[in-house]
Each structure stands twice: as structure tokens, then as C-alpha cells.
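**Student:** Kindly generate the corresponding structure for this input.
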Amino acid sequence: MMRALWSAASGMRAQQSNVDAISNNLANVNTTGYKTEKPEFKTLLYQTIQTETTTANGAQKPISAQVGLGTRLASVTSNFQQGHAQDVDSNSAVMIEGDGLFGVSGRDNQVYYTRNGDFFWSQGQNGLTLCTSEGYQVMDTNNNEIILPDEVDASRVTISSDGVIGYMDPQNAYVPLNQTIGLWQFNNDAGLQKISGTYYLETAASGMPMNEATTPGLRRSSTIQGYLESSNVQVADEMVNMIVAQRAYELNSRAITTSDTMLEQANNLKR
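**Tutor:** Numbering: from 1, shown residues only. A predicted model of the protein is given here:
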């Protein structure tokens, strides 16, 4: 009965983590580039409650007698399925169609990766620089920041489906800037370390970042100017998952109540 108490308690802790992850998904349903998080669980160690044999001649039992000791949260993985396209009134907004991620350089010179293409032209030391809303600089395929020449009007900048950046001059002639927005892929997206917002860091589990422009064999992503990728959270699915998690939490709570009642009855037998 004490084993049942601890197993049920571990189930309640696991389902609490499940509800936390589902709540975070619902809270970020309108966050650009957000990827749904899914908790994964694993069983704890098993305890052998009988010896290897129950016969006088020591014959081996065909079936073991083991009881599990509960469950625990194993990981929270991100689902990188493509989100829906959302039209926005900004020519600096860029959406990725494919498996790539943008690379941005933070204030600490650390490279972060994101699917959020809500970019802006910000005044920097060298001119107008393509940045995120947090001020992180968007990198091109050569790991350099993207800067507009002084004479270029930011409202006339164009970004092709290949990420090539150019602009229309006063005569409406296209002029390339010889820079391309960089996109990177990973062997294991789920192994990326989640940072605040929609930013990720590479880890040993994710593998090294692979530049789509220079890595052979990769299926290249495309970019769409004037669009953003909405979150891939499915509200109906998350609500169903929430109900299932709540019921599982109640079942574990009921198991604790039942074990407590059995212990009480065992104590009363002694009297």
C-alpha cells in the first residue's frame, strides 16, 4: 500500500507537468513561430516482490513477479511542423516554408536560431540593419549582418523566395544587394535547447547547424516576404489533452485516497 501511495504521487507530479506544458501551448497560440511542446513520460524502476522460485525443487518461474514504482517526466519535445501563413503589413517580415531556421546574433555574440521572421530595419553603427524585435541581428549565408546602403529606401527592399535581398531604385529597376538571408537546418530539431521567446540554441543532441546555402544534399527552404508563420498549436487538440491530463490526475488522486483507506482499515484490524 505504501508502494501504491508513492506510485500514485509520482503520477500526480507527472500529470502536473503535462498540464503545465499544455497550458504553455495554449498561452502561445498567437506567438509567431512558436512550436507545440509535448511531454514524454517513462516508467520508473521495477521492484521484484517474489523470489525466483516458489517450488521445493527450485524450478524457475516462467513469469516474473515485478511491480512498477510509478512514472516520471522524461522530456518535453518540440513539434516543428509547419505553421499557417499569416499576411502582415510589413515588407521586412519573412516566413520560412520548409525545415530551415533563421540565424540571429545576440548581444552576447551568441548565435540563436528561430522560426520567427518578424524582422525590422533598425539603425545601427553601419546603417540600417535587419534585426529582430529584441534587437538581434539577422545573419546572411556568410554569417554577416544584413545592412542597407545609405541611399536605399527600406520600404523598397525586396526579398525573393531564395532569400536574396535587393531593392527597387527610383526608376523601378531591380538592384541586387548581393546578400542572402541565411537558413540553417539540424539533424535533430527536437534536441535544440529552448531559450526565452522562440529562440533555440544548438546542443550535442541537435547536432551542428547546417547552412542550406553551402551544405550539399539538403532540401532547401523558401522564404515568403510579407508573411509570418503562426504557431502550430491546435487548440482543439490541446483542450482534449488537457481533459485527459486532468482525468489522469484525478485517477492518481483517487488511488492515493484508496490506499489511505486500506491503511486505515489495516490499522483498525489491530485494535
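
**Student:** going forward, measure contacts and count neighbours with C-alpha atoms only.
**Tutor:** Noted.

**Student:** Residue ranges in this structure under the pLDDT threshold?
**Tutor:** Segments of the chain classed as low confidence (criterion: pLDDT under 70) are 1, 50-62, 270-271.

**Student:** tally of neighbours for R115?
**Tutor:** For R115, the neighbour count with other Cα atoms under 10 Å is 29.

**Student:** In contact with the spatially closest residue to it that is not a sequence neighbour: list those residues for me.
**Tutor:** Leaving aside its chain neighbours, R115 sits nearest to G33 (4.9 Å; criterion: Cα to Cα, 6 or more residues apart in numbering). Shown in contact with G33 (Cα atoms under 8 Å, 6 or more residues apart in numbering): 83, 114-117, 198, 228-232.

**Student:** swap the cut-off to 7 Å and go again
**Tutor:** G33 makes contact with 115-116, 198, 229-231, according to Cα atoms under 7 Å, 6 or more residues apart in numbering.

**Student:** most surrounded residue in these?
**Tutor:** The residue in the contacts of G33 with the most neighbours, by other Cα under 10 Å, is R115 (29 neighbours).

**Student:** the helices in the stretch 101-250 of the chain, which residues?
**Tutor:** Assigned by DSSP state H, counting those that start in this stretch, the stretch 101-250 of the chain shows helices spanning 235-270.

**Student:** Show me where it has its strands.
**Tutor:** For the stretch 101-250 of the chain, the strands defined by DSSP state E, counting those that start in this stretch occupy 101-105, 111-114, 120-124, 127-131, 137-138, 157-159, 164-168, 174-180, 183-185, 193-194, 199-201, 210-211, 222-225, 227-229.

**Student:** For burial, what's the neighbour tally of N25?
**Tutor:** N25 has 23 nearby residues by other Cα under 10 Å.

**Student:** What residues does it make contact with?
**Tutor:** 36-37, 233.

**Student:** center of the chain - which residue?
**Tutor:** Geometric centre of the chain, nearest residue: S78, 3.1 Å, by Cα atoms, centre = their mean.

**Student:** buried sites along the helix or strand it falls within?
**Tutor:** Using DSSP states H and E, the element containing S78 is strand 71-79. With burial defined by 16 or more other Cα atoms under 10 Å, the residues of strand 71-79 counted as buried are 71-73, 76-78.

**Student:** Check which helices and strands that strand is in contact with.
**Tutor:** helix 2-27, strand 36-43 (3 or more Cα pairs under 7 Å, 6 or more residues apart in numbering; DSSP states H and E).

**Student:** roughly how far out does the next helix or strand after it sit from the chain middle?
**Tutor:** Next along the chain after strand 71-79, taking DSSP H and E as the criterion, comes strand 85-87. Here strand 85-87 shows a centroid-to-chain-centroid distance of 20 Å under the convention Cα atoms, centre = their mean, to the nearest Å.

**Student:** Stretch 235-253 too?
**Tutor:** Per Cα atoms, centre = their mean, the centroid offset for stretch 235-253 relative to its chain is 21 Å.

**Student:** Which of the helices and strands packed on strand 71-79 sits closest to N211?
**Tutor:** Minimum separation from N211 across these (Cα to Cα) falls at strand 36-43, 24.5 Å.

**Student:** what packs against the closest one?
**Tutor:** By 3+ Cα pairs under 7 Å, 6+ apart, strand 36-43 packs against helix 2-27, strand 71-79.

**Student:** okay, the angle between the longest one and strand 36-43?
**Tutor:** In other words, helix 2-27. Calculated by axes from the mean of the first three to the mean of the last three Cα atoms, to 10 degrees, helix 2-27 forms an angle of 170 degrees with strand 36-43.
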